[in-house]
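*Asks:* Model the structure of this input:
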Amino acid sequence: MSEHQTVNVYLVAAGDFHDIDHARLELLKLMAEDERIRVRVASDYHDLEAIGESDVLVTYTCNLIPTEAEQEALRDFIASGKRWFALHGTNSILQFLESGKVDAPEMAPVLMETLGTQFIAHPPIQPFQVRVADPEHELVKGVDEFETDDELYLCRIHGDLHVLLDTRFQGEATGFVEDQWHDDKPHPVYYINKVGAGEVLYLNLGHCRGHYDMQPMVEYYPNVELGSWDKPEFYELLRRGIRYCARKALEASA
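*Replies:* Residues are numbered from 1 along each chain as shown. Presented below is the predicted three-dimensional model:
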């Protein structure tokens, strides 16, 4: 491996109901902290050739559904030994029903099996505790339990996840089709899903919404929501995830 080896990252930042611009900018700033990382930015998964040429995939999306061919290519990309750092709503498919409720149709099975979870619902945004489930893993070692004011993701689990952070919830996910959650089991917040020779790192914190991100349904959203983006713990987790993926890419090319 050359001492000047670079890491090619493909960043997909796009979707609905979130301040994608904020997330994209913050992620680019974090990746710029390592001068070896070179980033290509996109708003979809269409350029499979460019994704395939990359070392790492990073995504911050909501309601962005790859085609079946794209889902299979993403799975194969990870299975070949690559890393995917997936954030917040990457595993979300949202459908607003005439009843006023939000459904999460399971219409992209290859994507969700690759990611390891599918978003189903979340309770109203409110503070909750994030617990360290594997305190010895390098991605979370030394990170203390913390409180955040974010969307607490309630998901359908696919596969055998290595959970790094989790939380607990019992109650109602108001406004969603699957709105009753009373089993008190831990819900993964950050985990690794192994796919072939590669890994998906999934951190589902990071909700953010500005005044204009609910258009056309809501012309002006009154409250700016930053979720975990104002938490130092969240930025530490992002930095570690980026460094981990970059190091794994460099080791693979050695």
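*Asks:* residues touching Ile37, list them.
*Replies:* For Ile37, the contacting residues are 6-7, 9, 31, 242, 246, taking C-beta atoms under 8 Å, 6 or more residues apart in numbering as the criterion. C-beta here means a position set from N, CA and C on the backbone, and glycine is covered the same way.
*Asks:* buried ones in stretch 144-156?
*Replies:* Buried residues in stretch 144-156, counted by 16 or more other C-beta atoms under 10 Å: 146, 148, 150-155.
*Asks:* Pick out whichever of those residues sits closest to Asn204.
*Replies:* The nearest member of the buried residues of stretch 144-156 to Asn204, counting by C-beta to C-beta, is Tyr153 at 4.3 Å.
*Asks:* Need the three-state assignment for Glu49.
*Replies:* helix (DSSP: H, G, I helix; E, B strand; the rest coil).
*Asks:* Between the contacts of Ile37, which sits nearest Leu205?
*Replies:* The shortest approach to Leu205 among those belongs to Ile242, at 14.9 Å (C-beta to C-beta).
*Asks:* ok, that closest one touching Val58?
*Replies:* Yes: with contact defined as C-beta atoms under 8 Å, Ile242 and Val58 form a contacting pair (7.5 Å).
*Asks:* okay, the two: which has more neighbours?
*Replies:* When neighbours are counted by other C-beta atoms under 10 Å, Ile242 and Val58 differ, and Val58 comes out ahead with 28 against 22.
*Asks:* Quickly find the element holding the more buried one.
*Replies:* Taking DSSP states H and E as the criterion, the element that holds Val58 is strand 56-62.
*Asks:* before we move on, what about Tyr191?
*Replies:* For Tyr191, the host element (DSSP H and E) is strand 186-195.
*Asks:* Buried residues, the helix or strand following that strand. List them.
*Replies:* Of the helices and strands lying after strand 186-195 in sequence (DSSP H and E), the nearest is strand 198-203. For strand 198-203, a neighbour-count test (16+ other C-beta under 10 Å) marks 198-203 as buried.
*Asks:* what's the neighbour count on Ala79?
*Replies:* Here the neighbour count serves as a burial measure; for Ala79 (other C-beta under 10 Å) it reads 14.
*Asks:* Test my guess that it contacts Val200.
*Replies:* No: because the distance of 10.5 Å does not satisfy C-beta under 8 Å, Ala79 is recorded as not touching Val200.
*Asks:* which helices and strands does the longest helix seen in the chain pack with?
*Replies:* Ranked by residue count and defined by DSSP state H, the top helix of the chain is helix 232-253. Helix 232-253 makes packing contacts with strand 7-15, helix 20-31, strand 56-62, strand 83-87, strand 146-150, strand 198-203 when contacts are defined by 3 or more C-beta pairs under 8 Å, 6 or more residues apart in numbering; DSSP states H and E.
*Asks:* Next, the buried residues of the longest one.
*Replies:* To tie it back to what came earlier, the one meant is helix 20-31. Taking 16+ other C-beta under 10 Å as the basis for neighbour counts, the residues of helix 20-31 that come out buried are 20, 22-24, 26-28, 30-31.
*Asks:* just curious, which of these is nearest to Leu237?
*Replies:* Ranked by distance to Leu237 (C-beta to C-beta), the buried residues of helix 20-31 are led by Leu30 at 10.6 Å.
*Asks:* Fine by me, thanks again.
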